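Engineer: Just to be clear, the model below is a prediction. Sequence and coordinates:
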Amino acid sequence: MRYVVAKDSRDAVALLNTGENARLLAGGTDVLVQMKLGNKTPSLLIDIKSINGFSDIFAENGGFRIGAAVNGAEMGAHAALKAMWPGVVEAVELIGSTQVQGRATMVGNLCNGSPAADAVPAMLAAGAMARVEGPSGTRDMLVAELLKGPGQTKLGKAELISSIYLPARPEHSGDAYLRFIPRTEMDIAVASAGVNLVLDASGTVADATVALGAVAPTAVVVPDAAAALLGSKLGAQALEACAAACAAACSPIDDRRGTVEFRTKIAGVMATRAANIAYTRAGGQL
Amino acid sequence: MARVVIFGSLRAFTDGEGEMEIDAQTTRELLRKLATRHPALAETIDAGVSLAIDGEVFKEAWFTPIGPESEVVVMPLMVGG
Amino acid sequence: MSKIHVTTQVNGDAVEFLCEPDETLLDVLRDRLNLTGAKEGCGTGDCGACSVTLNGRLVASCLVLGAEVAGSAIETVEGVGTADALHPIQQHLLDHAALQCGICTPGIIVAAKALLVQNPDPSEGEVRYWLAGNLCRCTGYDKIIRAVLSAAAEMRGENA
Amino acid sequence: MKQDFKILGTRPARPDGLDKVTGKAMFGADKSVTGMLHARILRSPHAHAEIVSIDTSKAEALAGVKAVITGDDFADVESRWTRYTMQNCMAQGRALYDGHAVAAVAAISKTVAAKALKLIEVEYSVLPHVTDVDEAMAPGAPVLHEGVKARKLGDDVSGNTVGYYSFGHGNPETGFAEADEVIERTFKTAAVHQGYIEPHSCLADLGGDGRGELWCSTQGHYMVREVCSEILGIDASQLRVTASEIGGGFGGKTTVFIEPVALKLSQKAGKPVKLVMSREEVFRASGPTMSSSIDVKIGMSKAGKIKGAHAKLRYQGGAFPYQMVMMGAMSAFAAYDLEHVQAEGWDVMTNRPKMISYRAPGAPMAVYAVESVMDELCQKLGLDPIDTRLLNAAREGTKSSYGPTFKAIGLVEALEAAKAHPHYSAPLAPNTGRGVSCGFWFNFGGQVSVSMAINADGTVSLIEGNPDIGGSRASISMMAAEALGIEYDRIRTIVGDTASVGFSDVTDGSRVTFAVGIATINAAKAAIKEMCKRAAKIWEIDAEAVEWVDGAAQPTGHNAGDFPPMSLAEIAAISGKTGGPIAGHHEGAPDKAGVSFGVHMVDVEVDPETGFTSIKRYTAFQDVGKAIHPAYVEGQIQGGAVQGIGWALNEEYIYGEDGLLQNPGFLDYRIPVASDLPMIEPVIIEVPNPGHPYGVRGCGETAIVPPLAAVANGVAQAMGVRMFELPMSPPKILKAL
């Protein structure tokens, strides 16, 4: 195996395009584990941390652009980002231990392609955009459009994600992310939910996005769950309908982490609880 | 004569006899006499047994004295973690 | 496969080493630099026994490549304190009998020190969550948490 | 029995502490030598398969590979138990479980060794497998080894049933007939792993002359020497084994898994070989504890008196014969004074890694089942759980359910302390339940050797033969200091290698503080006798006229002579002139170990929407006889309690239909993490063990026994629904709700 430090994103793209079994290395908390367990045996590892801008968080058009090599600890320490998108930041901060936080990145979490990735439902709920760079240039696309299936993304050959953009948000808005794990830490989500809400001045939900993780081959946006919240102040009826819509959207698997039945039930619980948090963050009075 | 109590699965090798009296001064003598009386027990005794003499547990202690009024419980060899 | 030459700093000392491209920082520390304080409990970032700081940031050294640390500053348990001048965390772990087998202890020390640098007055819950990635199978964590809290108090100048 | 202690009961720093907080302590994988090779083991990807052929030629041809071995490299051995151990270390003919070793390589680097593994070609013919205990015990199950079925068992159980035990007295049926309420339940518990953080590791160097050096992480280096020398066919005297610092064992390091492999590779390569298991290997191929399937039936009077009790324990212990259900059958009802009781147990083989001891092996699951039924009876009859246990509690003079009559024991004291503790009367929050359980474990004596040298500067060097897994060097130094009458820090206790002190049994069975303690006291007595003799010579009086008081020789009275006391340091300083070095040693097999009871109390909160259980408050009461070093005793109680919590809530070996282990890592084998827990309050009870001069009972294991039922009983109260299967993971709890 070769280890190469990419100088810039064009260099990284060119290296990805060599035809070798190449993998990108940012935090390494997925790829190094896969190598250790023998699941992945890349012949080329391309370190993208030194690329200018990849390790930075920029304010942009009222929102924030987060470089592909920014780790969870850095996101957690960024007060303005955390104030604007607390749900996204807390989702990233839930990935692994403190030690993993010192390395793991939001983009890596997305590109690893796990249906249970914590950052993804939060990004979906936030309407996050990914900047994709490749042999044919640079394009911006919704994170939702990149999801494909377990271990996969819709990135093309030799394409990489250089940053994620979290848009500006209106007043009276808030997001939250919750996951269920059997312990309090150090687990992979059994079911998770990201919720983003915009309220009107009266505290009524004017806009909503609900996304679920670990209950389908990819994280999924659940429009029916969001619709259930619209026009409500998160009364019992709205939350019940939201949970039911979540359950209906689930197509999970039985595995060592949870059963179909359990995941289906828990998804709605996570979504309604996350909705309550997002609502409070948006200034709503429960 | 010490009162000897056969315990646990060992009873399967004494034709169900659970208690007996054996005249022995030491555990070694007791075990020898027990094996003679119940040959099916010999293999287990060779492999090792635990003994409780008047409530105190002994392991393979051949020369432990046994009083005439003692109660000796013969058990399979105990192991720990 | 050719080895990579790396120059870096470990516990304040400039060091250089050759490593394979897929060799972890943990392997480099243990096998090439003879710093065996960091332990490999899992190799997959799940146990925290290999904790070190990399440019001040707490990381699992089993999830860092040796090749990546060129020009960095690394601190391992060997750099935290000496027998003559123990760090308060080390002293309080001893005083509280907060180690049994001791295999997790180096990782706990490095992780706890990193916590107290950024949060000198953590709550019990904050210590527990910060150390959730440092598995200890012997102690049930009680005495470790107490030791870290009392070390923090001492470092704040409070007489714990 | 001695009562007035100067050192015992204090909390000095442990002798190995400084090395452990500075990273200096040398654990199994921390040692390297020049010219050393690195070894790796190839493991079976099948649960059960015939090994048709192994072609190692490509691996051997790889540059840097110095030795490759398979099961064929090991000659047969005489003892069948050693043969099982050997065949567990390296399969011969058949791979018996997912992860079973089939070949091993030694190479100049880890990278080359890993590459070589991939070049070994193994042809398997897959065989039917069985991993569940009840399926494995049923007639018609695939049988792992022919001809090892327990004697006197019928055709109603399969040939995998390798042990049958029965304990008890009276007739349970008589008792059930007299009872007002009889409850019979079936329980299942998953296999769990000891979860020590340090993987198995060793460094072996076996020369062509049959002389060997072995450094390894183990609970018993003499055991390693005996087993390895038999497997390798060399003399025990020629193999020196040194125990490294051990990074946790909990019973899991009371056998060998890799040491014979490393020795064989070293022998073949002619170089030292280092072999370290990965975490995945630890889970797949070291010894977890048993899984179980248990029936318990208890009959009780309205007043709470147990009239009859019967347990049937079926334990699954993996791919080779073993004997462990016995300890479960002995422990099941040990807490109670019963007229009619029977506990039966069956040991069953399956296609899983061979089990090895885990802290109080066999007891936690048995006691979980019994104490769950006890709790349900108390609920049903409206009885207080502690009062009911007090009413039935075993005490001095009780004929135990496993045979012996108890001497002084501390169960009643522990129950009374629990009842009086503020925890028991604290109000409970919503969705919260309070569970209580008793627990029991034996202590063992066993063989032990201690050697103690009185140095000319008045300090003492003490060598013992038992690896220190929980602070025993501190407690041994404390007992030596107490016996000699000198300060703790003038003693240094080390664990000697197999050539430096006599044989010692494995560090297990909560025996070290008890047994090594007795040997230490006796060694001190021998040294004291010699020191009194030297003083007598100097004073020119009879040796019998000298006694040892507070660390000094003194005449027994004015009639004996009028001399000021002569301290250990003074006697030691001139020992060269009075007859040479002074030392004391003791080799023996102390018996009369006590037993230890504990009572745990836990508040658990169950989230009714998710089935998530959190531990809100935990108090553990345990009779330890005499706490030598109370802080380490507390640590044992806390650590055991948390292991039991993990067993109750989330830990389990998960096997698929394919017989493969699905969770061989700390990510999905979920041991408790720091944020899962509250503080664990230990309450030490001291009812001295009459069989030890200082009253010591072993304290290491008992604490893992009560938590399973305590947590389960708390969950039952919190939810109003009882769980009959461990772990009580959230999906199971939510389903039950």
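Structural biologist: Looks like it arrived, so ask away. Numbering: from 1, shown residues only, chains lettered A, B, ... in the order given.

Engineer: Only C-alpha atoms from now on, for both contacts and neighbour counts.
Structural biologist: Will do.

Engineer: Now do the strands in chain B.
Structural biologist: B:2-6, B:19-22, B:49-53, B:56-59, B:71-76 (DSSP state E).

Engineer: pLDDT averaged over the longest one - what is it?
Structural biologist: Pointing back at strand B:71-76 there. Across strand B:71-76, pLDDT averages out at 87.

Engineer: again, but for the fourth one
Structural biologist: Predicted confidence along strand B:56-59 averages 81 (mean pLDDT).

Engineer: helices and strands around that strand, which ones?
Structural biologist: strand B:49-53 (3 or more CA pairs under 8 Å, 6 or more residues apart in numbering or on different chains; DSSP states H and E).

Engineer: ok, and the closest non-adjacent residue to D:Phe283?
Structural biologist: D:Pro664 (5.1 Å; CA to CA, 6 or more residues apart in numbering or on different chains).

Engineer: Show me what the helix or strand containing D:Ser266 is in contact with.
Structural biologist: Following DSSP states H and E, one finds D:Ser266 within helix D:259-269. Under the contact criterion CA atoms under 8 Å, 6 or more residues apart in numbering or on different chains, helix D:259-269 has outside partners D:39, D:66-69, D:73, D:86, D:89-90, D:104-106, D:202-208, D:214, D:216, D:224, D:228, D:231-232, D:272-275.

Engineer: how about 6 Å then?
Structural biologist: Applying CA atoms under 6 Å, 6 or more residues apart in numbering or on different chains, the external contacts of helix D:259-269 come out as D:66-67, D:204-207, D:228, D:272-273.

Engineer: Check stretch C:30-45 too.
Structural biologist: Against stretch C:30-45 from outside (CA under 6 Å, 6+ apart): A:33, C:29, C:49-50, C:60, C:62, D:23, D:30, D:197-198, D:279.

Engineer: Mind checking which of those land in strands?
Structural biologist: Reading strands off the contacts of stretch C:30-45 with DSSP E, I get C:Ala60.

Engineer: Next, the buried residues of the next helix or strand after the helix holding D:Ser266.
Structural biologist: Once helix D:259-269 ends, the next helix or strand along the chain (criterion: DSSP H and E) is strand D:273-276. Buried residues in strand D:273-276, counting neighbours by 16 or more other CA atoms under 10 Å in any protein chain shown, are found at D:273-276.

Engineer: now the strands for chain A?
Structural biologist: A:2-5, A:22-25, A:44-47, A:57-60, A:63-67, A:129-134, A:137-142, A:147-149, A:152-153, A:160-166, A:173-180, A:191-199, A:205-213, A:220-221.

Engineer: for those, which one ends up most surrounded?
Structural biologist: strand A:191-199 (a mean of 31; mean count of other CA atoms under 10 Å in any protein chain shown).

Engineer: which helices and strands does that strand pack with?
Structural biologist: helix A:119-126, strand A:173-180, strand A:205-213, helix A:260-281 (3 or more CA pairs under 6 Å, 6 or more residues apart in numbering or on different chains; DSSP states H and E).

Engineer: Need the ones you listed in TSV (columns: distance to B:Ala2 and mean pLDDT).
Structural biologist: Putting the helices and strands packed on strand A:191-199 into TSV (distance: least, CA to CA, whole Å; pLDDT from 0 to 100) gives the following:
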stretch	distance to B:Ala2	mean pLDDT
helix A:119-126	74	98
strand A:173-180	63	98
strand A:205-213	71	98
helix A:260-281	61	97
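
Engineer: between those, which gets nearest to chain D?
Structural biologist: Chain D lies closest, by CA to the nearest CA, to one member of the helices and strands packed on strand A:191-199: helix A:260-281, at 5.5 Å.
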